[in-house]
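> Next come a sequence and a model predicted from it.
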Amino acid sequence: MRKSYLTVILLISLLLVACRSDQPSISLETKQLNFGDVVNGEIVYRDVAVHNNGESPLVVETVTTSCGCTQASLEPMTIPPGDGGVLHINFDSGAHGQNLTGKLTRQIFINSNDPQQPEALVEFTANILAREAP
């Protein structure tokens, strides 16, 4: 009986060790942003916290956007386990010309070595308002 009890404990211990993940794990403070009303031509800046909840370094390979009106960068591009970084977002509401108005949606893509989520997405919306006549 004692031998089978020790065997069960040993098997459970081995299973726990085998299930332990030594992988990075990206986590975003938010995946949705609402910039609200923005007058055409204004530039909006936002920061989003990025965290590595995994047990190995999170290496961000690229940060890209869905449109040239949006620029984004991450500091740092390698985040140690349990640590964080900042995604800097810069949206130029006038990039499509002074006549653009209405609701707009854009995305930022963060590609990393997280095997469970190789591409993380942050999406924002804005309501572009016409410029006031001079």
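Nice, thanks for sending it over.
> so Asp22 is in which element?
Here Asp22 is covered by no helix or strand, with elements defined by DSSP states H and E.
> Can you tell me the SS state at His51?
With DSSP: H, G, I helix; E, B strand; the rest coil as the basis, the three-state label of His51 is strand.
> Against Thr101, how distant is it?
36 Å (Cβ to Cβ, to the nearest Å). Every C-beta, even on glycine, is put in place using the N, C-alpha and C of the backbone.
> Verify the stated contact: Ala126 with Gly102.
No - using Cβ atoms under 8 Å, Ala126 makes no contact with Gly102, being 9.6 Å away.
> Which one's more surrounded, the two?
Comparing Ala126 with Gly102 by other Cβ atoms under 10 Å, the one with more neighbours is Ala126, at 21 against 9.
> Give me the phi and psi for the more buried one.
Here is the backbone geometry of Ala126 (degrees, to the nearest 10): phi -150, psi 150.
> who are the neighbours in contact with it?
Taking Cβ atoms under 8 Å, 6 or more residues apart in numbering, we find Ala126 in contact with 34-38, 44, 91, 93, 103-104.
> Counting by contacts, list what the strand or helix carrying Gly85 packs against.
Using DSSP H and E, Gly85 falls within strand 84-92. Helices and strands touching strand 84-92, by 3 or more Cβ pairs under 8 Å, 6 or more residues apart in numbering; DSSP states H and E, are strand 32-39, strand 43-52, strand 70-75, strand 102-112, strand 119-129.
> buried residues in that strand?
By 16 or more other Cβ atoms under 10 Å, the buried positions in strand 84-92 come out as 85, 87, 89, 91-92.
> Kindly reformat those residues as a markdown table containing distance to Glu55.
Output for the buried residues of strand 84-92, formatted as a markdown table (distance: Cβ to Cβ, whole Å):
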| residue | distance to Glu55 |
| --- | --- |
| Gly85 | 17 |
| Leu87 | 22 |
| Ile89 | 28 |
| Phe91 | 34 |
| Asp92 | 39 |
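> Just name the closest of the residues you listed to Asn111, please.
The nearest member of those to Asn111, counting by Cβ to Cβ, is Leu87 at 12.7 Å.
> give the contact list for that closest one.
By Cβ under 8 Å, 6+ apart, the contact set of Leu87 is 28, 47-50, 63, 72-74, 108, 110, 122.
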